[in-house]
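> build the 3D model from these lines:
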Amino acid sequence: MTLMQIETTREARSPHDLIQLLNWELAAYDKCEGTRFTSIRAMATPDDSGCNWRDARVQSDHRLDLTERGIIRRVVDQTRREFNLR
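Numbering: from 1, shown residues only. From the prediction side, this is the model:
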């Protein structure tokens, strides 16, 4: 499978379902307890990788430290590689 084929095989999810998926992934990290994704930032056109959303807004009941920010970034990056917005 070529890189282009991989890029075009992203599963499309509604914004609601994508947020649920991000929060499910984030829940695997005890360090991020009290933190959740609340919305998705869509893009008008897909980026070079083929993804059509940029980032996700996060809300937390505490100030996020560098470790937590890194976890959030990894969750978003991995999810962007696998899913698009519908």
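> show me what the helix or strand where residue 67 lies is packed up against.
Assigned by DSSP states H and E, residue 67 belongs to helix 66-82. Here helix 66-82 touches helix 15-26, strand 53-60, going by 3 or more CB pairs under 8 Å, 6 or more residues apart in numbering; DSSP states H and E. Glycine gets a C-beta too; all of them are placed from N, C-alpha and C.
> could you give the angle of that helix to helix 15-26?
130 degrees (axes from the mean of the first three to the mean of the last three CA atoms, to 10 degrees).
> which other residues reach helix 66-82?
By CB atoms under 8 Å, 6 or more residues apart in numbering, the residues outside helix 66-82 that reach it are 10-11, 18, 21-22, 25-26, 29, 31-32, 35, 49, 51, 53, 55-56, 58, 60, 64.
> which is the succeeding secondary structure element to it?
strand 83-85.
> parallel or antiparallel, which strands does that next one pair with?
Take DSSP bridges as the rule and strand 83-85 pairs in its sheet with strand 11-13 (parallel).
> what separates the partner strand from the chain centre, distance-wise?
Distance of strand 11-13 from the chain centroid (CA atoms, centre = their mean, to the nearest Å) equals 12 Å.
> now that strand: average pLDDT?
What strand 11-13 shows for mean pLDDT is 95.
> any low-confidence regions in the protein?
Low-confidence segments of the chain (pLDDT under 70): 1-8.
> center of it - which residue?
residue 76 (3.0 Å; CA atoms, centre = their mean).
> relative to residue 37, how far out is that residue?
8 Å (CB to CB, to the nearest Å).
> quickly list what's touching both of the two.
Counting by CB under 8 Å, 6+ apart, the residues touching both residue 76 and residue 37 are 22, 56.
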